[in-house]
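Chemist: no FASTA, just this:
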């Protein structure tokens, strides 16, 4: 390319230039998220297999070479407990977001694209789900279903999918007026193909940014419900359960509650910060 | 340009009408529109916004079924074809559209090669055959292989419109419907696309229906011109003839307005009449659709309109401007 | 120069973008006297829209400006926001391409115009402002202005809406009207009427009009001076008739040939596409597309500056055309 090229094509932003324009708060949030992720993945690998096993002899061990952050009232290694709790949290959040994202996308995209009666029915359905306060609905449902991992996932999906559905529907309403969709329709392309080939790629950015906001929501909801005793049950490990079981010893040994609480707050705020930043950039 | 008359037309539109419900009753979006397009002929449909050009284009491409009337594409009923997916695929092999906005007509997430391939996906061609035709189409529109992997936002407006044209000609259609193909391009680039369309017409032997509001563009590329007003065709004929000797006051008004010179030459009576607004045409109206803005109207225009047909030229007007009449600026147009 | 009302000198605008600074205007200069009109023509990327925003002090915050825009000797670029707000509407007014954008859909057209009047003419009571608004609608040729003033923008047709937008711009009696592509979205007959209106207003109100457009035919009608822009710079400047009848810059000449008209139905074009920004290289931005340049060294080594090419006309070109005043296109080559 010479300097006199008539159409200078705008260069793609290089990774470095992308980094330069990211606000510091987002950089910090990303660093925190990475550290927590490494914690969740690496700490259990470094520790002996039974670090989360109950060992009354070791209860309330102070932080030291033996247990990095000390132990809880059952003698379990706190660092490992938090790592496992984080894993549970993250895995559940990813599962919930994947399932509710798929469900919400399908309902929103079909409603928005097809329009008419279909859209009316699906729109009403979303209104109904949207009208309930999420966490109360979730608790009510999970007690009916009897608390278990899969019941909790199902319930969280039910309160999350609407967040995808409404936003995707709004985007698809304007997408379907794009002429490339009209062109595609003219070629006799089926509904499924149009949704897959054109609508999905053009809503990918939304799926990502909604998910980054929903992941911390789901993590918080899971912890809350587990803390209240309606969610995961021992011997499953979760940050909410950990806080719940250690809260009785808050005055004598605050370490487990403080650390677990801090980790939960940091994880949620860091991911939410990244998510909100990405969402703001779309506008 | 008229020797093709006796062949079977590529496009045969007969009595096409489309109603719509407005704020205060029902109106005609298109009323009794009939015309034909011969193989490899370029026909322009001109008119102001709201004249029904887009309604006609949508009916022809099977995007919206008309209230009444028929559209035949190479002898096949378009309305019936458009009802089934199989029929639509069949239709896509015969008719393709080029859209006005080269931004909204290309999926921003797809590279050029895939964008063009889309019009062939359901054609029944094998993958290698498809790829060969896509490469060929891109070559015809003058996009070299360097561009094949680029996405729309990396292309200039003119290049994007070339992609849209490549996509439309890939299935070797018999008719291209072009909706304002150069209206959103830079002036210095418009000619490139017009030239390309002219080349494609001869090279691919494809007929074209061009919807445009720019009379200069129409004059440069169309064999025949049809003028639409409030849903009705009001004049039609060989382009040089219509432009040199417009008979319908609407056509004359458009021509006057198109140049600085014409605007100054326009008689005051016409200026005043044209300054009123056009409202949609009510279903029950039988008079001349143009009468509210016409400076030549009489009482009979309220109820009837005469249709005059001569060779290579027709118009629907009770008081046509005759060729011998002294009309300002007319000499300039024919010069 | 001393008689000029608005004087733009050495105006440069650079946008700070994530990928680095992007020059939109470079060393733009022209002036306009009271009651005069100038057309600014150019294609996408020529910087004409940025120029409109710069004149009105409406540039986004990531833009940095150099040079000066002087109205009656006061540099508008050096005013603070408050002073600028006071001048905008009163001294300088803008009409956009899309009238729907400038009119609020939920308020009556009359009340919006009255608000402009009250803002700029302090002490006007409500009734007087309403009357001024109706009078403004009458001046732009809207029939039955008293009734129309009580209607909403959506009840107006495209042409009437554009008239109403112009009435709003005129309400406070500005001395300079900036018309940014005001006829682009309109039908050809309506376009002719709006052009007539702008021309009438200039002669009856003694207002200066700056018409920014890509449409040479439209600009030719209503301006006495013309500035042709390419890649962020003015490349040819002079009386409209002189510039268009025998252009001395190869770009203007080629552009004139490009638009097929009903009297000259010839397809022609300039190869390549206009650059998206002002070029940062020390070359003529048009060199790559220029027939006259044809690879001459001077065009790629040195950026040409505006200099006289014929009487009253200046052009930025190393090898200007002779611009002899013979009529162009006297021998049209029809395609059919």
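Modeler: Okay, I see it. The structure presented is a predicted model; accordingly, all values stated were derived computationally and were not measured.
Chemist: So what's the gap between the host helix or strand of residue B:257 and the chain middle?
Modeler: In the assignment (DSSP states H and E), residue B:257 maps to helix B:249-258. Helix B:249-258 has its C-alpha centroid displaced from the chain centroid by 18 Å (C-alpha atoms, centre = their mean, to the nearest Å).
Chemist: Which pLDDT value goes with residue A:3?
Modeler: pLDDT for residue A:3: 33.
Chemist: Can you name every helix or strand that the helix holding residue B:257 contacts?
Modeler: helix B:215-221, strand B:224-229, strand B:232-238, helix B:260-265, helix B:268-274, helix C:188-205 (3 or more C-beta pairs under 8 Å, 6 or more residues apart in numbering or on different chains; DSSP states H and E). Placement of C-beta: from N, CA and C, glycine included.
Chemist: Which positions in the third one come out as buried?
Modeler: Using 16 or more other C-beta atoms under 10 Å in any protein chain shown as the burial criterion, the residues of strand B:232-238 that qualify are B:232, B:233, B:234, B:235, B:236, B:237, B:238.
Chemist: Where does the stretch 101-250 of chain A get nearest to chain B, residue-wise?
Modeler: Proximity of the stretch 101-250 of chain A to chain B (C-beta to the nearest C-beta) peaks at residue A:188, 3.3 Å away.
Chemist: How much space separates the one residue in the stretch 201-336 of chain C that gets nearest to chain A from residue A:102?
Modeler: Nearest residue of the stretch 201-336 of chain C to chain A: residue C:272, at 3.4 Å (C-beta to the nearest C-beta). The gap separating residue C:272 from residue A:102 is 46 Å, by C-beta to C-beta, to the nearest Å.
Chemist: Pick out whichever of the two has more residues nearby.
Modeler: residue C:272 (19 against 14; other C-beta atoms under 10 Å in any protein chain shown).
Chemist: hmm, who's touching the helix or strand encompassing residue A:244?
Modeler: Taking DSSP H and E as the criterion, residue A:244 maps to helix A:239-246. Here helix A:239-246 makes contact (C-beta atoms under 8 Å, 6 or more residues apart in numbering or on different chains) with A:72-74, A:81-82, A:85-86, A:88-89, A:222-229, A:231-234, A:253, A:256-257, A:260-261, A:263-264.
Chemist: go on, stretch A:203-220?
Modeler: Contacts of stretch A:203-220 (C-beta under 8 Å, 6+ apart): A:89-90, A:92-94, A:96-97, A:100-101, A:105, A:109, A:156, A:160, A:163-164, A:167-168, A:171-172, A:175, A:264, A:267-269, A:271-272, A:274-276, A:278-279, A:282, B:109.
Chemist: Point out where the stretch 1-150 of chain C drops to low pLDDT.
Modeler: C:1-3, C:99-100 (pLDDT under 70).
Chemist: can you rerun that using 50?
Modeler: For the stretch 1-150 of chain C, residues meeting the criterion pLDDT under 50 lie at C:1-2.
Chemist: for chain A, what are the nearby residues on it?
Modeler: With C-beta under 8 Å from any C-beta of the partner chain as the criterion, the stretch 1-150 of chain C comes near chain A at residues C:18, C:19, C:20.
Chemist: Show me these that map onto strands.
Modeler: residue C:20 (DSSP state E).
Chemist: quick one: which of the residues of the stretch 1-150 of chain C next to chain A is nearest chain A?
Modeler: Using C-beta to the nearest C-beta, these come closest to chain A at residue C:18, 4.8 Å.
Chemist: count of neighbours near the closest one?
Modeler: 10.
Chemist: go on, the one 5 residues further on?
Modeler: By the measure other C-beta under 10 Å, the count of residues near residue C:23 is 18.
Chemist: part of a helix, is it?
Modeler: No: counting by DSSP: H, G, I helix; E, B strand; the rest coil, residue C:23 is not found in a helix; it is strand.
Chemist: Wait, it touches residue C:11, no?
Modeler: No: at 11.8 Å, residue C:23 does not count as touching residue C:11 under the criterion of C-beta atoms under 8 Å.
Chemist: of the buried residues of strand B:232-238, list those near chain A.
Modeler: Answer for those near chain A: none qualify (C-beta under 8 Å from any C-beta).
Chemist: Can I get the residues you listed in a markdown table including pLDDT and distance to residue B:188?
Modeler: Compiled in a markdown table, these are given as follows (pLDDT from 0 to 100; distance: C-beta to C-beta, whole Å):
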| residue | pLDDT | distance to residue B:188 |
| --- | --- | --- |
| B:232 | 93 | 36 |
| B:233 | 94 | 33 |
| B:234 | 94 | 34 |
| B:235 | 95 | 32 |
| B:236 | 94 | 32 |
| B:237 | 94 | 31 |
| B:238 | 94 | 29 |
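Chemist: residues touching the most centrally placed residue in chain B, list them.
Modeler: Central residue of chain B (C-alpha atoms, centre = their mean): residue B:211, 2.4 Å from the mean position. The contact partners of residue B:211, by C-beta under 8 Å, 6+ apart, come to B:44, B:45, B:46, B:53, B:54, B:57, B:177, B:178, B:179, B:180.
Chemist: Can you check these and name whichever has the most neighbours?
Modeler: residue B:45 (29 neighbours).
Chemist: List the neighbouring strands of whichever helix or strand that one is part of plus their orientation.
Modeler: Here residue B:45, judged by DSSP H and E, is contained in strand B:42-46. Strand B:42-46 has the following sheet partners, assigned by DSSP bridges: strand B:207-212 (parallel), strand B:224-229 (parallel).
Chemist: residue boundaries of the helices in the stretch 1-150 of chain B?
Modeler: B:53-60, B:78-81, B:85-94, B:112-117, B:127-140 (DSSP state H, counting those that start in this stretch).
Chemist: which one of those lies closest to chain A?
Modeler: helix B:85-94 (3.3 Å).
Chemist: quick check, the closest one touching chain A?
Modeler: Yes: Helix B:85-94 reaches chain A (C-beta under 8 Å from any C-beta) through B:85, B:86, B:87, B:88, B:89, B:90, B:91, B:92.
Chemist: from the residues you listed, which is closest to chain C?
Modeler: Using C-beta to the nearest C-beta, the residues of helix B:85-94 next to chain A come closest to chain C at residue B:92, 28.9 Å.
Chemist: What is the neighbour count of that closest one?
Modeler: 26.
Chemist: ok now do it, which residues does it touch?
Modeler: A:186, A:187, A:188, B:119, B:122, B:123, B:171, B:173.
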